[in-house]
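1. Whatever this is, show me its structure:
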Amino acid sequence: MPAEDRLTPDDLRTLFLFEALSPDQLDWLAERGRVERREAGEVVYKEGEPATCFFILLSGALSLNRVLHGDDIEVTRTDQRGVYSGATRAYLGDRVEQLYPHTLRAVSDAEFYVLPADEFAYAVRTWFPMALHLLEGLFFGTRAANAIVNERERLLALASLSAGLTHELNNPAAAALRATAGLRERVTGMRHKLAMIADGRIDGAGLHRLVGLQDDAVQHAAAGVSMTAMEAADAEDTVSDWLDEQGVAGAWDLAPSLVAAGIDVPWLAGAARTIGAEHFEAAVRWITYNIDTELMMGEIDDSVERISELVGAARQYSQLDRTPLQIVDVHALLDATLTMLQAKIPEGVRVVREYDRDLPSIPAYGAELNQVWTNLIVNALDAMPDGGTLTVRTWREDTRLMVEIADTGVGIAKDVRPRIFEPFFTTKQVGEGTGLGLDISYRIVVNKHHGDLRVSSEPGDTRFQVCLPIEQEAADSKSADDAGAQTGSGTETGSGTGAEAAGSASGEVSPAAGG
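-> Numbering: from 1, shown residues only. You can find the predicted model right below:
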């Protein structure tokens, strides 16, 4: 048990928290509080324990620590007399979970004035009723406002993604419609050419030879041919000129389809010998109709497949048909996000995927991780207005799965970097950003997945790293919601300033200090 003592009212008045209190109030505090002495290195209280006491530093030095994905991280250290910590929200009662948000440790031999949490709560509620209403309004109002603004941020992101998805769906859908219209014309032409066969102008042997040519041409069309635009134009001129020499009308209209299927002059010459000069033109047109039909059916097939891929990506991105917490393949989530953002990726940006395919699936909230990827990728693209390289990289680091979003953009200025995880802080123009993207991402990764979000940046090389535990239990949704009321999951150490904590550039917590 630590050594205990009492402070006199005059001693209490020397602490900035109590300097304006009345003699009766100081007497009340002197009677109910106590002095505790702790040795250097001793833990005063631990993160996650019930918050039973309010602590004020009288002498010595203290540190505040938090556990991030298994690592004990020191987030602040001070020897300023009068700073306070512990049950700072006791006045809110059971409306919030009363737990210590961090670990308090004596760095040197230290003395603390200690007031039980229920006594601290009684003093605040009784002595400062107006301040209590203001504090409650600030706390719960900020939490409610954050919830509304966060939802608005999600809706804006959804609207942007919906616009991009609509654009992406429109391209294959329009291609399928064009191909369908062209296919209808070709089928009509084929019906007319069937009259040539029906009236007996081609005998049975000739018909067999025509069917053989048709099958060979369709196989050429299915195999496809790769050539540059210049090579294709030259080949079309050659085929068109040869057909003109054979007396085929409208050769310029037939040549593109024949060349697209890999049909050249030697093939056509062989077909002329096989079918005979009398029926050659009709046979060429029949074969061209079949080639066009095959190419258009392939185009429709590709368009429908692209639409199916986009719908699948939208389903994977939204996770609408999944439970909130599930075993997810991070690579599938990343690919779905990149697909959804395809319309936002400028032509000058090259996307590089460097995936460790041996990584296991992990328990996670898939839809919320997709929101993290979206925020980080959009920020990276905004940093490269003139083009560059977007790299999405994954690897394993001990018991953690790492995801890195890197860009070759302008980088983050040093004076801005400490504030990037603050809510409502943005370097974008008014109306272009809410300043909540990184704050939301930080809370999803750190509070809900017990991971970490780190950043390093210099011009031409900015990297955001998301660290996720490979094995974890489902996060308590209530604690995650409560944490959402804080700024960047910030812990508190009192300074008399009322300042709230803000996430640092490394994703660790940087409590307010001063006084």
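
2. Residue 42 - how many residues pack around it?
-> Neighbour count of residue 42, defined by other CB atoms under 10 Å: 14. For the C-beta atoms, the positions are set from N, CA and C on the backbone; glycine is no exception.

3. got the phi/psi numbers for it?
-> As for residue 42, its main-chain torsions (degrees, to the nearest 10) stand at phi -80, psi 140.

4. Spit out the contact partners of it.
-> Neighbouring residues of residue 42 by CB atoms under 8 Å, 6 or more residues apart in numbering: 105, 106.

5. And the pLDDT for it?
-> pLDDT recorded at residue 42 is 92.

6. So that it lines up with my notes, have the first residue be 17 from now on.
-> Sounds good: first residue 17 from here, last item residue 58.

7. Okay, helices next: where are they in the stretch 317-466 of the chain?
-> Per DSSP state H, counting those that start in this stretch, the stretch 317-466 of the chain carries helices over the ranges 346-356, 382-398, 453-459.

8. same deal with the chain?
-> 25-29, 39-48, 133-143, 145-214, 220-239, 245-261, 267-276, 281-291, 296-334, 346-356, 382-398, 453-459, 493-500 (DSSP state H).

9. Run through the stretch 17-166 of the chain and note the low-pLDDT ranges.
-> 17-20, 84-87, 147-149, 151-166 (pLDDT under 70).

10. Quick check: the residue lying closest to residue 309 once chain neighbours are set aside vs residue 320, distance?
-> In space, and not counting its chain neighbours, residue 309 is closest to residue 202: 5.1 Å by CB to CB, 6 or more residues apart in numbering. Relative to residue 320, residue 202 is positioned 19 Å away (CB to CB, to the nearest Å).

11. Kindly report the same for residue 282.
-> Distance, residue 282 to residue 320, using CB to CB: 35 Å.

12. Of all the helices of the stretch 317-466 of the chain, which one comes closest to residue 29?
-> helix 453-459 (39.5 Å; CB to CB).

13. could I have that closest one exported to PDB, CA atoms only?
-> Provided in PDB are the C-alpha atoms of helix 453-459 (Å, rounded to 0.1, in the frame of the first residue of the first chain):
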ATOM      1  CA  GLY A 453     -11.200  11.100 -43.600                       C
ATOM      2  CA  LEU A 454      -8.100  10.300 -41.600                       C
ATOM      3  CA  ASP A 455      -9.800  10.800 -38.300                       C
ATOM      4  CA  ILE A 456     -12.400   8.200 -39.200                       C
ATOM      5  CA  SER A 457      -9.700   5.900 -40.700                       C
ATOM      6  CA  TYR A 458      -7.700   6.200 -37.500                       C
ATOM      7  CA  ARG A 459     -10.600   5.200 -35.200                       C
END
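
14. for that helix, packing partners?
-> Where contact means 3 or more CB pairs under 8 Å, 6 or more residues apart in numbering; DSSP states H and E, helix 453-459 is packed against helix 145-214, helix 382-398, strand 468-474, helix 493-500.

15. and those, which one's lowest on average pLDDT?
-> It's helix 493-500: among those, that one has the lowest mean pLDDT, namely a mean of 38.

16. ok now stretch 277-295, how far from the chain's centre?
-> Stretch 277-295 sits 56 Å away from the centroid of its parent chain (CA atoms, centre = their mean, to the nearest Å).

17. now do stretch 93-107
-> Centroid displacement of stretch 93-107 relative to its chain, using CA atoms, centre = their mean, is 36 Å.

18. Ends of it, what's the gap?
-> This stretch, stretch 93-107, spans 26 Å end to end (CA to CA, to the nearest Å).

19. swap in stretch 57-64?
-> End-to-end span of stretch 57-64 (CA to CA): 19 Å.

20. Flag every buried residue along that stretch.
-> Of all the residues in stretch 57-64, those buried under the rule 16 or more other CB atoms under 10 Å are 60, 61, 63.

21. And for stretch 409-425?
-> Buried, per 16+ other CB under 10 Å, within stretch 409-425: 409, 410, 416, 417, 418, 419, 420, 421, 422, 423, 424, 425.

22. Cool, thanks, signing off.
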